[in-house]
Structures are given as structure tokens and as C-alpha cells.
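S.K.: Model the following, please.
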Amino acid sequence: MTDTPISSGAGTPDDPWLLKTPPLTSDYTMHRDTRDGTEVIVCTVGKSVLLYDARCVDDLAAMLRDHGDWMPLGSADEQKEAKPGTVEAWGRSADNPIGGWYGLKKGMRGRFGMYVPPLLEHLGLAEVEHEPRNNRMRAS
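M.R.: From the prediction side, this is the model:
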């Protein structure tokens, strides 16, 4: 595992979390907001804006604690099948606490395994590997 990426921000629209993807190749921001009465995490990658149900933070942290070991991230676009046993597959599974996708923006619901793990790392809820490929995470 390499050094933890530097991240900052308060997680508000005016002061978002500044994060890096697990391989440390791309910068992006996240912040909490409310959309249509739902608490969300807004993820901005370049000009793309993805939305995740904010419950994903606590739910993923709890799942990782129960899992008790490293879990592959397995990031994939919405249109691609997620590899079983990965964080990405869990983030879309009918067996997770919300019964399906944490991603809320149709056509851009994937990449849960790419963008949510660094947020949990920043919040001190998980450890994330930062290798060029095949990264994993576990509860802190």
C-alpha cells in the first residue's frame, strides 16, 4: 500500500472534499447535499456529476466491518456487469441495505467502487490500497 492521498474540504457545496481515485491518477470532489428530499453525495469528476445516496457511507462502512477482510473495489460503469464479491457489486446489489443501486443518476449509477472508497478513507472509516490496478479496501 502506498501513502494515503491528500484530501481536504468540509464536504459542503462551498468547501467540497478534494479526493483522488484509488490509483491516484485523477482528482475529483464530493460533497453532501439534498436533492428532491434525499440526502446525497454529489461527486464531480471533470464536467460529469454523479449522485450517490448518502446512506452509502455508513452502509459501506458497516458492511466492511462485517466482512472483516480486504475486499476488491471492482469499479465498473453502469452498463457493465460488476464482478461478484466486489465493492461495486455490493453497491448495486438487491442484498444491500437499500435493496439496489446507491448511484442515483440514471446512466451514471456505476463507478461506486472508484469514487466512494476514497471518501470513506478520508473520513477515517476505511483503508484503501493505491496501486495502479486491482485495489482493495477494508474497514479501519
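
S.K.: Point to the residue nearest the middle of this protein.
M.R.: To find the centre residue of the chain, average its C-alpha atoms and take the closest one (Cα atoms, centre = their mean): that gives residue 116, at 1.0 Å.

S.K.: Quick check: that residue is in a helix.
M.R.: Yes - under DSSP: H, G, I helix; E, B strand; the rest coil, residue 116 falls within a helix.

S.K.: for it, what are its contacts?
M.R.: With contact taken as Cβ atoms under 8 Å, 6 or more residues apart in numbering, residue 116 is in contact with 41, 52, 56-57, 60, 87, 91, 102. The C-beta positions use only the backbone N, C-alpha and C, and glycine is treated the same way.

S.K.: which of the residues you listed sit farthest apart?
M.R.: Farthest pair in the contacts of residue 116 (Cβ to Cβ) is 41 and 87. Separation: 14.9 Å.

S.K.: Pick out whichever of the two has more residues nearby.
M.R.: The residue with more neighbours, out of residue 41 and residue 87, is residue 87; 28 against 23, by other Cβ atoms under 10 Å.

S.K.: give me phi/psi at that one?
M.R.: With angles defined as degrees, to the nearest 10, residue 87 sits at phi -60, psi -40.

S.K.: surely it meets residue 74?
M.R.: Yes - counting by Cβ atoms under 8 Å, residue 87 touches residue 74, with 6.2 Å between them.

S.K.: This completes my enquiry, with thanks.
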